[in-house]
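> Take this sequence and fold it.
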Amino acid sequence: MRIAVTGSIATDHLMVFPGSFTRQFGAVALDRVSLSFLVDRLDLRRGGVAANISFGLGRLGGRPLLVGAVGADFEDYRTWLESYGVNTEWVHVSATKHTARFLCTTDDYQNQIASFYAGAMSEAKSIELRPIAEAVGGLDLVLVSPNDPAAMLKHTEECRENGYPFAADISQQLASLGKAEIRSLVDGAKFLFTNEYESSMLLSAARWTRADVLSRVGSWVTTLGENGVRIETAGQPTISVDVVSDRGKVDPTGVGDGFRAGFLSGLAWNLSTIRAAQVGCMVATLVLEARGPQEYELDPETFLKRFDEAYGELAAAEVEPMMEVVRTPSEDNSDSGV
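Predicted coordinates for the structure are as follows:
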């Protein structure tokens with residue numbers, strides 16, 4: 001299964017505030033905010049939604065095509081991704097701008113305050129999907145994830161024009177897009193990914209009802225935090241999947257990206273929708289337990305043991321053959337493909 005993942009590629013600056021943001025905000029007038037948080041930890045990590053999802057797909061044995069824009073400072077990051085099976089041949093390198101930066105501070109209650117510098121991402125609209133599809137023998141799915149808005153719209157329209165199945169993951173860009181743009185990104189998607197807050201924002205911004213959305217997409221996949229995942233398809237019963245219990249929350253950054261990587265990998269393995277969502281939930285929990293969206297451990301034996309504990313022996317038996325393709329960076333990844 002040839003999956004192209006379009007979207008942001010960034011360096012994450014992750015900080016930890018030992019306290020509660022909400023208590024700080026409660027002490028000030030919100031119409032005039034000037035707050036400073038003394039953090040006690042700073043980690044520099046590889047990130048960006050498209051890169052995180054591609055990394056997860058690669059870890060699970062895929063050969064995803066990463067499609068995005070970066071700066072000349074990307075080479076070490078490229079080597080890292082390639083070592084885990086990600087095809088970076090179609091990443092555009094800007095001659096003038098740095099790779100995007102994500103700056104995020106997380107408090108002790110997993111609340112986050114973040115800023116994003118687009119940098120080279122603004123050039124992603126120059127990338128065309130058709131040459132990529134022609135070079136690799138077609139595209140089975142294009143994931144349109146948060147990116148320069150013009151690039152997101154362009155890639156979605158290219159998918160419609162050329163008949164490439166696509167998945168819509170608007171996420172952080174919902175707040176910056178208008179009704180017509182959101183509708184354009186959603187209409188005709190094979191999958192629509194949101195979290196619970198984004199689902200409400202999407203309905204409000206697009207001025208659609210839930211039924212309107214379901215009539216325009218194949219399936220709507222909504223992550224619900226500790227309450228798991230909901231998958232809705234018009235005319236079919238809603239699927240609900242519980243999370244895998246974590247062994248300690250460390251950093252929520254990239255948890256949703258981990259779910260998407262696991263879910264799409266499960267579909268590429270020809271698992272059922274519910275089983276694919278369970279794989280997604282397992283990967284999401286691994287991300288939550290690590291500091292940074294690409295720093296999680298993925299040991300096949302441990303994965304299957306925890307999967308069995310969460311979803312049962314039958315579920316684990318169906319997933320077990322797929323664990324043979326899990327990658328470590330020392331392996332030769334050149335011939336494998338999702």
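> Give me the neighbour count for Leu103.
Per other Cβ atoms under 10 Å, the neighbour tally for Leu103 reads 15. Bear in mind the C-beta positions are built from the backbone N, C-alpha and C, glycine included.
> residues in contact with the helix or strand containing Ser200?
Ser200 is part of helix 196-206, with elements assigned from DSSP states H and E. The contact list for helix 196-206, computed with Cβ atoms under 8 Å, 6 or more residues apart in numbering, reads 170-171, 174-175, 177-179, 182-183, 186, 194, 208-210, 212-213, 220, 222-225.
> Quick check: what element follows it along the chain?
Next helix or strand after helix 196-206 toward the C-terminus (DSSP H and E): helix 210-214.
> Which neighbouring elements make contact with that following helix?
helix 196-206 (3 or more Cβ pairs under 8 Å, 6 or more residues apart in numbering; DSSP states H and E).
> Output the helix holding Ser200 as CSV, restricted to C-alpha atoms.
Provided in CSV are the C-alpha atoms of helix 196-206 (Å, rounded to 0.1, in the frame of the first residue of the first chain):
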residue,chain,number,x,y,z
GLU,A,196,-13.0,15.7,20.1
TYR,A,197,-12.4,19.4,20.3
GLU,A,198,-11.6,19.7,16.6
SER,A,199,-14.8,17.8,15.7
SER,A,200,-16.9,20.5,17.4
MET,A,201,-14.8,23.3,15.8
LEU,A,202,-15.1,21.7,12.4
LEU,A,203,-18.9,21.5,12.6
SER,A,204,-19.1,25.1,13.8
ALA,A,205,-16.7,26.5,11.2
ALA,A,206,-18.0,24.5,8.3
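> Go through it and flag the buried ones.
Across helix 196-206, burial judged by 16 or more other Cβ atoms under 10 Å covers 198-199, 201-203, 205-206.
> could you give the mean pLDDT of that helix?
On average, the pLDDT along helix 196-206 is 96.
> Which among the contacts of helix 196-206 count as buried?
Among those, those classed as buried by neighbour count (16+ other Cβ under 10 Å) are 170-171, 174, 177, 182-183, 186, 194, 208, 213, 220, 222-223.
> Dump those into a markdown table; add secondary structure as well.
Output for those, formatted as a markdown table (DSSP: H, G, I helix; E, B strand; the rest coil):
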| residue | secondary structure |
| --- | --- |
| Ile170 | coil |
| Ser171 | helix |
| Leu174 | helix |
| Leu177 | coil |
| Ile182 | helix |
| Arg183 | helix |
| Val186 | helix |
| Thr194 | strand |
| Trp208 | coil |
| Val213 | helix |
| Trp220 | strand |
| Thr222 | strand |
| Thr223 | strand |
